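Give me a model of this one.
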Amino acid sequence: MQWVNALSTKPSLEGAICEVAEQIKRVLTGSPDLGILFISSAYASDYPRLLPLLLEELPLKTLIGCGGGGIVGIRGNGRIEEVEETAAISLSVAYLPKAKVHSFHVLDSALPDLDDPPSAWIELLGIEPHERPHFILLSEPSVTGINNLLDGLDFVYPDSVKVGGLSSSPVENCLFYYAPGSPPTIYQEGIIGLALAGEIIVEAVVAQGCRPIGDPYMITKGERNIILELSDQEFGAKSYPPLEALRNLLESLDDKDRQLAQSSLFVGLARDEFKMQLKQGDFLIRNLLGVDPRAGAMAIGDKVRSGQRIQFHLRDAQTSLQDLEYFLQDYQEKNSYQNPPLGALMFSCLGRGQGLYGSPNFDSTLFSKYFPGTSLGGFFCNGEIGPVGGLTFLHGYTSVFAIVRESL
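Below is the predicted model:
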């Protein structure tokens, strides 16, 4: 099996498609079974011509793609590049004779209720759980049911990895779709995706770019997304307003972290209720939305409940670098016995990239340090999809790497 990526920054759509197609044809030895495409909004006026031109150059059997505010791919000289704010097309093409490729497009209105049986989800997506598929998902950003979709997939396909991102074109958010029995189509609503089954595995590296500060707390009273009271973790500890806890924590920080907390403070929700010693990666990072100074309450970007553990986190460029390196190295060490990666996809937040690090190609270069020669394509997203603690979430400020391997 093969997985190849090509990147072009030619200003004309025809020129860009010809360049990526030629690069792929030089390397790909089998039939092009699957294409995954990311394209910048510089070509937006030519979007209607994209799929016909591409399929004329490469007889792909299945293709999904979307627009992005930044595009990631491999130049003809083999160098990985993150192209931000200028014209770019990235195309990953795979020859997968030992895998089953199933594609789908779903609308918000078609999603089953969360209390529906598994059969409703299986009928919607057209693939059985026993096939142990892994999912690559692309959504336009206004979809309101994306979290319901992720919950449903986790319920019906608990052993499957789900990764992806929300399109982020500043001009027009389009989803590009082509599948056997369907004409080339541009969707402007809904979610498109792939289910990959057979002798193929997809694994995820999720780096949320934050580090914990202080100690964990336990929520003792909360409603919806509002933390009303919390306590230290010791048995019988007194409860107090979260704003009081935050003020005490800020007083204990050094000047640098106290300054950083003014603009880059987040809340981490522990995903494992039974793990005693929490560490980096054990938390789902959520935004701190606001505080009520009178009540001392705190609103965050997720639902909370009593008994849940939280810890405050900070984010900056150095932390994001260290966080990503930690998880890439950890994944590499734990999977050294497996087949080398066929290829990979990168779903990174628009808030990362050069704006965060002050230099280009940061996350992708770090990835290539641990997986040299691995073909990488991707884009900068309006939200990133990936697992934390065994469940799948929509993230922000995150880099998600989907690593594709042939199973042993």
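
Please confirm that residue 385 is located within a strand.
Yes. Assessed with DSSP: H, G, I helix; E, B strand; the rest coil, residue 385 lies in a strand.

Just the pLDDT at it, thanks.
Per-residue confidence at residue 385 stands at 98 (pLDDT).

mind checking how far it is from residue 126?
From residue 385 over to residue 126 the distance is 20 Å, taken as CB to CB, to the nearest Å. To be clear about C-beta, it is placed using only N, CA and C from the backbone, and glycine gets the same treatment.

Equivalent analysis for residue 391, please.
Applying CB to CB to residue 391 and residue 126 gives a distance of 23 Å.

name the element residue 151 belongs to?
Following DSSP states H and E, one finds residue 151 within helix 146-156.

just the CA coordinates of that helix, formatted as PDB?
The C-alpha coordinates for helix 146-156 follow below in PDB (Å, rounded to 0.1, in the frame of the first residue of the first chain):
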ATOM      1  CA  ILE A 146     -20.900  17.800  15.200                       C
ATOM      2  CA  ASN A 147     -20.600  16.900  18.900                       C
ATOM      3  CA  ASN A 148     -23.700  14.700  18.600                       C
ATOM      4  CA  LEU A 149     -22.000  13.000  15.700                       C
ATOM      5  CA  LEU A 150     -18.900  12.400  17.600                       C
ATOM      6  CA  ASP A 151     -20.900  11.000  20.600                       C
ATOM      7  CA  GLY A 152     -22.800   8.700  18.300                       C
ATOM      8  CA  LEU A 153     -19.700   7.400  16.600                       C
ATOM      9  CA  ASP A 154     -18.000   6.800  20.000                       C
ATOM     10  CA  PHE A 155     -21.200   4.900  21.100                       C
ATOM     11  CA  VAL A 156     -21.500   2.700  18.000                       C
END
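
Show me how far it is from its chain's centre.
15 Å (CA atoms, centre = their mean, to the nearest Å).

which SS state does residue 307 fall under?
Per three-state DSSP, residue 307 ends up coil.

residue contacts, it?
218, 219, 273 (CB atoms under 8 Å, 6 or more residues apart in numbering).

What spatial separation is found between the last one and residue 312?
Here the distance between residue 273 and residue 312 works out to 19 Å (CB to CB).

Same question for the second one.
Applying CB to CB, the value for residue 219 to residue 312 is 13 Å.

These two: who's more crowded?
Legend: neighbour count by other CB atoms under 10 Å for residue 219 and residue 312, higher for residue 312 (23 against 20).

How about the backbone phi and psi for the more buried one?
Main-chain torsions, residue 312, degrees, to the nearest 10: phi -70, psi 150.

neighbours around the closest residue to residue 338 other than its chain neighbours, how many?
Sequence neighbours aside, residue 405 is the residue nearest to residue 338 in space, at 5.8 Å (criterion: CB to CB, 6 or more residues apart in numbering). By other CB under 10 Å, the residues close to residue 405 number 20.

In this structure, where's the longest helix?
helix 317-334 (DSSP state H).

buried ones in that one?
319, 320, 321, 323, 324, 327, 328, 331 (16 or more other CB atoms under 10 Å).

tell me the pLDDT at the fourth one?
Read that as residue 323. 92.

which ones are touching it?
So residue 323 contacts 207, 208, 209, 210, 211, 280 (CB under 8 Å, 6+ apart).

list the contacts for the closest residue to the third one other than its chain neighbours?
Translated: residue 209. Nearest non-adjacent residue to residue 209, counting by CB to CB, 6+ apart: residue 320, 3.7 Å away. Taking CB under 8 Å, 6+ apart, we find residue 320 in contact with 207, 209, 352, 356, 357, 397.

Apply 7 Å and report the result again.
209, 352, 356 (CB atoms under 7 Å, 6 or more residues apart in numbering).

Give the other helices and strands that the helix holding residue 151 contacts.
helix 118-125, strand 391-395 (3 or more CB pairs under 7 Å, 6 or more residues apart in numbering; DSSP states H and E).

quick one: strands adjacent to whichever strand or helix holds residue 291?
Assessed by DSSP H and E, residue 291 sits inside strand 283-292. Here strand 283-292 has these sheet partners by DSSP bridges: strand 265-270 (antiparallel), strand 297-300 (antiparallel).

Buried deepest among these, which one?
strand 265-270 (a mean of 23; mean count of other CB atoms under 10 Å).

CA atoms only for that strand, dumped as PDB, please.
Output of strand 265-270 as PDB, limited to C-alpha atoms (Å, rounded to 0.1, in the frame of the first residue of the first chain):
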ATOM      1  CA  LEU A 265      -5.800  30.800  30.900                       C
ATOM      2  CA  PHE A 266      -7.700  27.600  30.300                       C
ATOM      3  CA  VAL A 267      -9.500  24.900  32.300                       C
ATOM      4  CA  GLY A 268      -8.700  21.200  31.900                       C
ATOM      5  CA  LEU A 269     -11.300  18.600  32.700                       C
ATOM      6  CA  ALA A 270      -9.900  15.200  33.800                       C
END
